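1. Sequence first, then the predicted structure:
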Amino acid sequence: MSVLPAPAVRPARADDEPFVLATAERLSAFDAPSWRTPHEIVAAEVRTLRSFFVHPADESALLIAESDTAEPQGFIYLETHTDYFTAERHGHVGIIAVSADAEGRGAGAALMRAAEAWAVSRGFRRLTLNVFDANHRARRVYEHLGYSAETLRYVKPL
C-alpha cells in the first residue's frame with residue numbers, strides 16, 4: 001500500500017473560483033436542521049466566497065489544498081473574529097470543504113494545519129470554527145485535531 005503525499009496548501013487565485021464554488025455545494029451533504037434547507041446553507045456560503053473573490057478583506061484568507069499534480073482538492077476560508085468574552089481577536093474557520101475525490105486523503109487536515117499556521121502568524125492565540133450539530137463526521141475530524149466544543153447554540157423555529 002503506497003502512502004499518498006500530503007496535499008500542498010497555497011493561497012487561492014482568481015482562477016480557483018469555479019473549483020471553490022463547485023466544491024461549496026458539498027457543504028449541505030449532511031442532515032441539516034429541519035429549519036435549514038440545503039439550498040440556503042450553500043447559497044450563504046457561496047455569497048461569502050464570491051464576495052472574497054471580488055473584494056478580499058485584509059483580515060481574511062482563502063487557501064487551496066492541492067495534490068502533487070496541482071489538482072485542487074479542497075479549500076478553507078479564514079476570517080478574523082473578536083472573542084465575545086475577552087474582546088481578543090482570533091482566527092476563525094468560516095468555511096472548509098473538500099472535493100468528493102479528495103475526501104479521506106488528508107486535504108482537510110492539511111487545510112486545518114495551514115489555518116492554524118495562518119492564525120499563529122497573525123499572533124492569534126485561538127482558532128475557532130462552527131459546525132452543525134448533525135455533521136458528525138466533521139465533528140469527529142475536529143475533535144481528532146484537538147478542537148473541543150465551547151458553546152452550543154439553541155434554535156427554536158417560531
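-> Received it, and whenever you're ready, just let me know what you need. Numbers count the residues shown, from 1 in each chain.
2. going forward, measure contacts and count neighbours with C-alpha atoms only.
-> Fine.
3. Just want the most central residue of the protein.
-> Nearest to the mean C-alpha position of the chain, counting by Cα atoms, centre = their mean, stands residue 96 at 1.9 Å.
4. Distance check, that one against residue 110.
-> 11 Å (Cα to Cα, to the nearest Å).
5. cool, and residue 54?
-> 26 Å.
6. okay, the two: which has more neighbours?
-> Between residue 54 and residue 110, counting by other Cα atoms under 10 Å, residue 110 is the more crowded of the two (20 against 9).
7. Could you pull up the residues touching the residue nearest to the centre of the chain?
-> By Cα atoms under 8 Å, 6 or more residues apart in numbering, the contact set of residue 96 is 74, 75, 76, 77, 108.
8. Bridged to the fourth one, which residues?
-> Under the criterion DSSP bridges, residue 77 forms beta bridges with residue 62, residue 95.
9. Could you check the pLDDT of residue 136?
-> At residue 136, the model reports a pLDDT of 88.
10. One more: residue 4?
-> 67.
11. Please apply the same query to the one 10 residues further on.
-> Residue 14 carries a pLDDT score of 96 in this model.
12. cool, and residue 108?
-> 94.
13. That one - how many residues pack around it?
-> For residue 108, using other Cα under 10 Å, the count is 25.
14. Helices of this structure, residue ranges please.
-> 17-24, 38-54, 107-121, 136-144 (DSSP state H).
15. In contact with residue 130, which residues are there?
-> The contact partners of residue 130, taken as Cα under 8 Å, 6+ apart, are 93, 94.
16. and it, what are its phi and psi?
-> The phi and psi values for residue 130, taken as degrees, to the nearest 10, are phi -110, psi 150.
17. next one: residue 55
-> The phi/psi pair for residue 55 (degrees, to the nearest 10) is phi -140, psi 80.
18. Name the spans of the chain whose pLDDT lies under the cut-off.
-> Per-residue confidence for the chain (pLDDT under 70) gives these ranges: 1-4.
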